[in-house]
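Engineer: Show me the folded form of this:
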Amino acid sequence: MEKSYIDYNTLVYEKKLNEEYITYVEKLNTSEWQKKRSEIIDRDNQMCVKCNVRQSKYINGQAYINYTKEEEDEFVQKVRESIKKFLEEMNIVAPIPDRIENPLHIDYQPTFLHVHHKYYIKNRLPWNYPSEALISLCKNCHQEIHDTENIPVYLNDLMQTELNLKKCNRCNGSGYVHQYQYYMNGICFECNGNEYEEFL
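Structural biologist: Residues are numbered from 1 along each chain as shown. You can find the predicted model right below:
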């Protein structure tokens, strides 16, 4: 069963009723962000743009290796050849099936792609960025970028004034802690995915 996501306006309404703050994690669990995230990952061919690892395919909560169309076609061709060889060796006259199912192999080390913002604009919602400002990364490459590069945060759309913000000490500004990937997809529990101390 596919997870359903709340739309942002409903989230704002519910939070105002309860006089609660909207966290970055909650924004990432909106239908608006999930739509934008899917667009970016599809644009990047469901691969990390840095190391080219492919995102796993999920069916009913189970992770499977996400084969390309070419890999699936190659698999089907090999199965056809194996069936033909078997029939010939056994001296059996029978047609080769027209339809051969595509391979489904469990992915024991599943890859879940993150969508990385190349920059931030203060108070901008995560999905309100141009597609060129977003890239698909595996968790390792995403963390490496946050560990080695400064991700600029701008005051406004003019992108002339860069804010001097302090990264979260726990996740180094990535918003994720890999050791806790099994819980809430590893969202940093110190900054709640907000990445910078000033946004807490």
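Engineer: where does the residue of the chain most remote from its centre fall, helix, sheet strand or coil?
Structural biologist: In terms of distance from the mean C-alpha position of the chain, residue 91 ranks first, at 49.8 Å (C-alpha atoms, centre = their mean). State at residue 91, reduced to three classes by DSSP: H, G, I helix; E, B strand; the rest coil: coil.
Engineer: so who does it touch?
Structural biologist: By C-beta atoms under 8 Å, 6 or more residues apart in numbering, residue 91 lies in contact with nothing. Any C-beta I mention is one placed from the backbone N, CA and C, and that applies to glycine too.
Engineer: pLDDT score assigned to it?
Structural biologist: With respect to pLDDT, residue 91 scores 88.
Engineer: Same check on residue 178?
Structural biologist: So residue 178 comes in at 68 (pLDDT).
Engineer: what do you get for residue 36?
Structural biologist: Confidence score, pLDDT, at residue 36: 98.
Engineer: Let me know whether my guess that it is in a strand holds.
Structural biologist: No - secondary structure of residue 36 (three-state DSSP): helix, not part of a strand.
Engineer: ok, it to residue 30 distance?
Structural biologist: Separation of residue 36 from residue 30 (C-beta to C-beta, to the nearest Å): 10 Å.
Engineer: quick one: the residue farthest from the centre of the chain from residue 165, how far?
Structural biologist: In terms of C-beta to C-beta, residue 91 sits 75 Å off from residue 165.
Engineer: shaky segments in this structure?
Structural biologist: 1-2, 102, 178, 181, 184-185, 198-200 (pLDDT under 70).
Engineer: Which stretches in it count as helices?
Structural biologist: Counting by DSSP state H, the chain has helices at residues 8-17, 24-28, 31-43, 69-89, 139-148.
Engineer: can you list those helices in TSV and add distance to residue 174 and mean neighbour count?
Structural biologist: Below are the helices of the chain laid out as TSV (distance: least, C-beta to C-beta, whole Å; neighbours: other C-beta atoms under 10 Å):
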stretch	distance to residue 174	mean neighbour count
helix 8-17	23	13
helix 24-28	12	18
helix 31-43	16	16
helix 69-89	31	12
helix 139-148	4	17
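Engineer: Take the ones you listed and lay them out in CSV including distance to residue 104.
Structural biologist: Formatted as CSV, these follow (distance: least, C-beta to C-beta, whole Å):
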stretch, distance to residue 104
helix 8-17, 35
helix 24-28, 29
helix 31-43, 20
helix 69-89, 10
helix 139-148, 24
